[in-house]
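J.: Need the 3D shape of this:
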Amino acid sequence: MTQRLLLLLPSTTYRADAFSSACRRLPVEVDVVTATDGEVTLPDGGARGALSIPFDPDQGLPPLLDYARRHPVSAVIGVDDDAQPLAAAVAEALGLPHSPASAVAGTLDKLQQMRTLAAAGLPTPPLMHRPVLKPRRGRASQGVVRLPEDVFVQAYVPWAAEVAVEGCLGEGGMQALAIFDK
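T.: Numbering: from 1, shown residues only. Just a heads-up that it's a prediction; the model follows:
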């Protein structure tokens with residue numbers, strides 16, 4: 001039986017090359033779904049098919065479910081933040097393993113994510129609420145900038161290298177899909 005992976009890949013991602021390369025190594029058929037705001041340029045030998053779907057779950061879910069009825073899907077992976085809510089909605093509707101919508105929402109809001117991690121007892125960098133930026137010299141609030149409420153500042157934790165890891169979590173653990181040097 002052919003397995004099909006539905007990869008939701010935003011047209012604005014810088015990761016198209018890495019994911020396309022990973023897809024070529026998979027022993028399954030891969031259909032790439034892109035946002036309608038532009039086309040993703042895939043390298044030669046990229047994914048085997050492409051659709052253009054809005055990533056808003058209300059608009060994107062019906063056509064993807066219709067597509068999945070005609071071309072059964074074994075897994076759905078959303079790349080980058082914009083694709084996550086739709087990927088969760090599609091997987092849930094198809095009865096596939098997925099992250100719950102509340103978990104996805106929790107990862108998209110960095111402040112909510114930090115609070116969740118801290119509540120679970122995991123270490124997080126110190127957080128400053130309603131910070132202001134001040135120049136080292138000056139008087140009477142000259143050059144002081146108050147950051148908006150939807151911005152927060154946390155301490156930077158230096159590492160020898162900074163990377164982003166894209167992966168899938170399952171019952172058997174995490175399967176790394178791609179590692180990006182930041």
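J.: what packs against the helix or strand containing F19?
T.: Assigned by DSSP states H and E, F19 falls within helix 16-25. Counting contacts by 3 or more CB pairs under 8 Å, 6 or more residues apart in numbering; DSSP states H and E, helix 16-25 packs against strand 4-9, strand 29-34, strand 173-181. All C-beta atoms are positioned from the backbone trio N, CA, C, and that covers glycine.
J.: so can I have TSV of the ones you listed showing mean neighbour count and distance to P54?
T.: Converted to TSV, the helices and strands packed on helix 16-25 look like this (neighbours: other CB atoms under 10 Å; distance: least, CB to CB, whole Å):
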stretch	mean neighbour count	distance to P54
strand 4-9	23	11
strand 29-34	22	10
strand 173-181	11	24
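J.: Those strands: which one's closest to T124?
T.: When those are compared by CB to CB, strand 173-181 sits nearest T124, at 20.1 Å.
J.: name the helices or strands packed onto the closest one?
T.: helix 16-25, strand 163-170.
J.: So what angle separates the directions of it and strand 4-9?
T.: Put simply, strand 173-181 runs at 40 degrees to strand 4-9, going by axes from the mean of the first three to the mean of the last three CA atoms, to 10 degrees.
J.: which of the helices and strands packed on strand 173-181 sits most buried?
T.: helix 16-25 (a mean of 17; mean count of other CB atoms under 10 Å).
J.: could you give the angle of that one to strand 4-9?
T.: 170 degrees.
J.: Tell me how far helix 16-25 lies from the chain's centre.
T.: 16 Å (CA atoms, centre = their mean, to the nearest Å).
J.: what's the answer for stretch 11-23, then?
T.: 12 Å.
J.: C-alpha coordinates for it, PDB please?
T.: The C-alpha coordinates for stretch 11-23 follow below in PDB (Å, rounded to 0.1, in the frame of the first residue of the first chain):
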ATOM      1  CA  SER A  11       5.700  29.900   0.300                       C
ATOM      2  CA  THR A  12       7.800  32.200   2.600                       C
ATOM      3  CA  THR A  13       9.900  29.500   4.200                       C
ATOM      4  CA  TYR A  14      13.600  29.400   3.900                       C
ATOM      5  CA  ARG A  15      13.500  25.700   4.500                       C
ATOM      6  CA  ALA A  16      12.000  24.600   1.200                       C
ATOM      7  CA  ASP A  17      15.400  23.200   0.000                       C
ATOM      8  CA  ALA A  18      16.000  21.200   3.100                       C
ATOM      9  CA  PHE A  19      12.500  19.700   3.300                       C
ATOM     10  CA  SER A  20      12.500  18.900  -0.400                       C
ATOM     11  CA  SER A  21      15.800  17.100   0.000                       C
ATOM     12  CA  ALA A  22      14.500  15.200   2.900                       C
ATOM     13  CA  CYS A  23      11.300  14.300   0.900                       C
END
